[in-house]
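Q: based on what follows, work out the 3D shape:
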Amino acid sequence: MSFNNLDTLYRQVIMDHYKNPRNRGAVEGDHLTVDMNNPTCGDRIQLQLQVEDNVVQDAKFDGEGCSISMSSASMMTQAIKGKSVDDALKMSRIFSDMMLGNEVDDDNLDLGDIEALQGVAKFPARIKCATLAWKAMEKGVDEEEA
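A: All right, here's what the predicted structure looks like:
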């Protein structure tokens, strides 16, 4: 597949998550809530996580922002559900490396739709948009463990 076709496919995946977000809403029952924003561009997110026995049982978000931040939140909540907290944090580290343009060398972890965001690395001003939900998840997990 040529670069242009791949780029077009990635844009379609991002726009699909933006127009049809997965896991938008509120978690039922006991959960932790993390509010974060990106004052640079006005993105804001409220992330809710339900963690039991060190496994992310549910993850939902609400907020407003650009297509990159909202798509990333949709993809992230989808990816971490059912994962151990350690695996969710590992995914976050891999995602951060990908946003910094570093080589991602973990073949054992399927990033799924998240790979569509790798082109954001070419636009440094948009990296904070893409990582907002991930930073919220890291903060929530840190607070849960404290």
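Q: what does stretch 57-66 contact?
A: With contact meaning C-beta atoms under 8 Å, 6 or more residues apart in numbering, stretch 57-66 is reached by 21, 23-28, 31, 38, 41-51, 69-70, 73-74, 76-77, 80-82, 126, 129, 132-133, 137. For the C-beta atoms, the positions are set from N, CA and C on the backbone; glycine is no exception.
Q: list the buried ones in the helix or strand containing Gly63?
A: Counting by DSSP states H and E, the element that carries Gly63 is strand 55-64. Within strand 55-64, the residues that qualify as buried are Val55, Val56, Asp58, Ala59, Lys60, Phe61, Asp62, Gly63, counting by 16 or more other C-beta atoms under 10 Å.
Q: what bridges to the fourth one?
A: Read that as Ala59. Beta bridges link Ala59 to Leu49, judged by DSSP bridges.
Q: pLDDT of stretch 121-132, averaged?
A: Mean per-residue pLDDT for stretch 121-132: 93.
Q: contact partners of that stretch?
A: Stretch 121-132 has contacts (C-beta under 8 Å, 6+ apart) with 36-38, 40-41, 43, 45, 65-66, 68-69, 72-73, 95-96, 98-101, 117, 120.
Q: could you dump that stretch to CSV, C-alpha only?
A: In CSV, the C-alpha atoms belonging to stretch 121-132 read as follows (Å, rounded to 0.1, in the frame of the first residue of the first chain):
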residue,chain,number,x,y,z
ALA,A,121,4.3,13.0,15.3
LYS,A,122,5.0,15.2,12.2
PHE,A,123,3.0,18.0,13.8
PRO,A,124,4.6,18.9,17.2
ALA,A,125,1.8,21.3,18.1
ARG,A,126,-0.8,18.4,17.9
ILE,A,127,1.1,15.9,20.1
LYS,A,128,-0.4,17.3,23.3
CYS,A,129,-3.9,16.8,21.7
ALA,A,130,-3.1,13.2,20.9
THR,A,131,-1.7,12.4,24.4
LEU,A,132,-4.3,14.2,26.5
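Q: show me where the chain has its strands.
A: Assigned by DSSP state E, the strands in the chain fall at 32-38, 43-52, 55-64.
Q: which secondary structure elements does the first one contact?
A: Strand 32-38 is packed against strand 43-52, helix 127-145, with contacts defined by 3 or more C-beta pairs under 8 Å, 6 or more residues apart in numbering; DSSP states H and E.
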